[in-house]
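J.: The sequence and its predicted three-dimensional model are supplied below.
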Amino acid sequence: MVKKVMIIFNPSSGKSQSKKIAQQVQDYLEEQDSAYQVKQMGTKSETDATKFAKEAAENKFDLVVSIGGDGTISDVVSGLSPFEHRPKLGIIPAGTVNNLARVLEIPLDIPAAIENLVTGDLTPLDVGQVNDSYMISTLTLGVLADAALEVSQQEKQKFGPFAFIFKGSKILVQHKHYHLKIQHDGGKWRGSAQLLLVTMTNSAGGFPYLDPDAAVDDGYFHVFIVPELSFIGSLRFLPYFISGKAKKIPDVTYFKTKK
Ligand SMILES: Nc1ncnc2c1ncn2[C@@H]1O[C@H](COP(=O)(O)OP(=O)(O)OP(=O)(O)O)[C@@H](O)[C@H]1O
C-alpha cells in the first residue's frame, strides 16, 4: 500500500541546509520502502508551512515531515490540528535552537534524525489553542518576546539561546510592564508583570530546566508570571533555573491549567 509523505522544509531555518536535508529524507525513505510516495514542499513565506500541512491532511497523507526549527513545526501543527484525520508528524531538527526536538529526545544529528523517522516510536504531543492559532512549545509576552523580535537570524545562528539573553538584558533596563487578567482552572490572576511565559513542555528556548514536572502530553499549559525583573534580579534567578526550581523563584507566580 502506498504511504504518502509530505516533506515541508523551511529554507530560512537554522543554517539553511533544509533543502539538501529534504532530498536526504526522500532518498532514505525510498531506499527503505518502495511504497513511500514522497512530495517535497519548500516554504517561500511565513504562511506556507501551515498551508502545505493543511493540504496534506485534506489529501489523507500518512506522514508529514517538518524540516526546520520550532517555528516551522508550529506552522505545520497549525495546519494539521483542525483535522480529525491527521497525518503522523516527523521532525528533523534543522532550526537554530530546536527546543521541541530536544524535549522529545529526537537526535540532533541529522542522519540519526532521518533514521528515527522510520525506527522511532510515536509520541503523543499536547497542542495548545490560542484563538485560531496553535502552540506546541512556548508562548511569551514581555521581555523574551521583545528579545525574540530583536534577535536576527544571524545572531541566533552565532549565539544560539544566549542571543536571547543578551537582547533580553538590554530590554530589561526599559522596565516595560503589562497589565494582565488571567482566568485559569484555579481562579483568577490580575496584576502587572514584566514577563509571562506559557510552556507546553519542561523547556523553553533550549533551556531544559524550567519545570521538571511538566510533560509533553500532560494536557496542561504551564504558566509563569514574573512581576518584576531587574538585571541583577535575573542573575539571582539563575541557580533556580539550573536546579529546575523556576517555580520556586521568590515573587514568581506559577500555575498549571487546562485552559
Ligand atoms: N521562506 C521563508 N523565508 C523567511 N521566513 C520563513 C520562510 N519560511 C518560513 N519562514 C518563517 O521562519 C520562521 C523561523 O523558522 P524556524 O523556527 O523553523 O527556524 P529557526 O528560527 O532557525 O529555528 P528555532 O525555532 O529552532 O530556533 C518560522 O516561524 C516561519 O514562519
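T.: On my side now, so go ahead.
J.: rest of the way, CA atoms for contacts and neighbours
T.: Will do.
J.: From residue 70, how far off is residue 96?
T.: 9 Å (CA to CA, to the nearest Å).
J.: Next: residue 19.
T.: In terms of CA to CA, residue 19 sits 17 Å off from residue 70.
J.: And for residue 35?
T.: Relative to residue 70, and taking CA to CA, residue 35 is found at 29 Å.
J.: contacting residues for the residue in the stretch 101-250 of the chain that the ligand sits nearest to?
T.: Of all residues in the stretch 101-250 of the chain, residue 153 sits closest to the ligand, at 6.7 Å by CA to the nearest ligand atom. For residue 153, the contacting residues are residue 14, by CA atoms under 8 Å, 6 or more residues apart in numbering.
J.: Tell me which helix or strand in this protein has the weakest average pLDDT.
T.: Sorting the helices and strands of the chain by mean pLDDT, DSSP states H and E puts helix 231-242 at the bottom, at a mean of 71.
J.: export the helix or strand just after it as PDB, just CAs?
T.: Where DSSP states H and E defines the elements, the next helix or strand beyond helix 231-242 is strand 253-257. Extracted in PDB, the C-alpha atoms of strand 253-257 (Å, rounded to 0.1, in the frame of the first residue of the first chain):
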ATOM      1  CA  THR A 253       3.600  33.000  40.200                       C
ATOM      2  CA  TYR A 254       3.300  29.500  38.800                       C
ATOM      3  CA  PHE A 255       0.200  27.500  38.000                       C
ATOM      4  CA  LYS A 256      -0.800  24.800  35.500                       C
ATOM      5  CA  THR A 257      -4.100  24.900  33.800                       C
END
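J.: hmm, who's touching strand 253-257?
T.: With CA under 8 Å, 6+ apart, strand 253-257 has contacts from 184-186, 220-226, 247.
J.: coming back round to it: what about residue 96 and residue 70, which has more around it?
T.: Comparing residue 96 with residue 70 by other CA atoms under 10 Å, the one with more neighbours is residue 70, at 26 against 22.
J.: Any buried residues in stretch 224-239, and which?
T.: 224-229, 237 (16 or more other CA atoms under 10 Å).
J.: okay if I get those as CSV plus secondary structure and distance to residue 51?
T.: Formatted as CSV, the buried residues of stretch 224-239 follow (DSSP: H, G, I helix; E, B strand; the rest coil; distance: CA to CA, whole Å):
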residue, secondary structure, distance to residue 51
224, strand, 32
225, strand, 33
226, strand, 36
227, coil, 38
228, coil, 40
229, coil, 39
237, helix, 40
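J.: Return the residues of this structure in contact with the ligand.
T.: 10-14, 43-46, 68-72, 95-99 (CA under 6 Å from any ligand atom).
J.: again, 5 Å this time
T.: The interface of the chain toward the ligand, taken as CA under 5 Å from any ligand atom, is made up of 10, 13-14, 43-46, 68-72, 95-98.
J.: The residues you listed in helices, which ones?
T.: Applying DSSP state H to those, the entries found in helices are 70-72.
J.: As CSV, these with pLDDT would be great.
T.: Putting those into CSV (pLDDT from 0 to 100) gives the following:
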residue, pLDDT
70, 93
71, 93
72, 96
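J.: for the residues you listed, which one is nearest the ligand?
T.: residue 71 (3.1 Å).
J.: Return the list of helices and strands in contact with the top helix by length along the chain.
T.: Of all the elements of type helix in the chain, the one with the most residues (DSSP H) is helix 18-32. Judged by 3 or more CA pairs under 8 Å, 6 or more residues apart in numbering; DSSP states H and E, the packing partners of helix 18-32 are strand 3-9, strand 36-42, strand 63-68, helix 110-119.
J.: Would you mind finding the most buried of the ones you listed?
T.: strand 63-68 (a mean of 26; mean count of other CA atoms under 10 Å).
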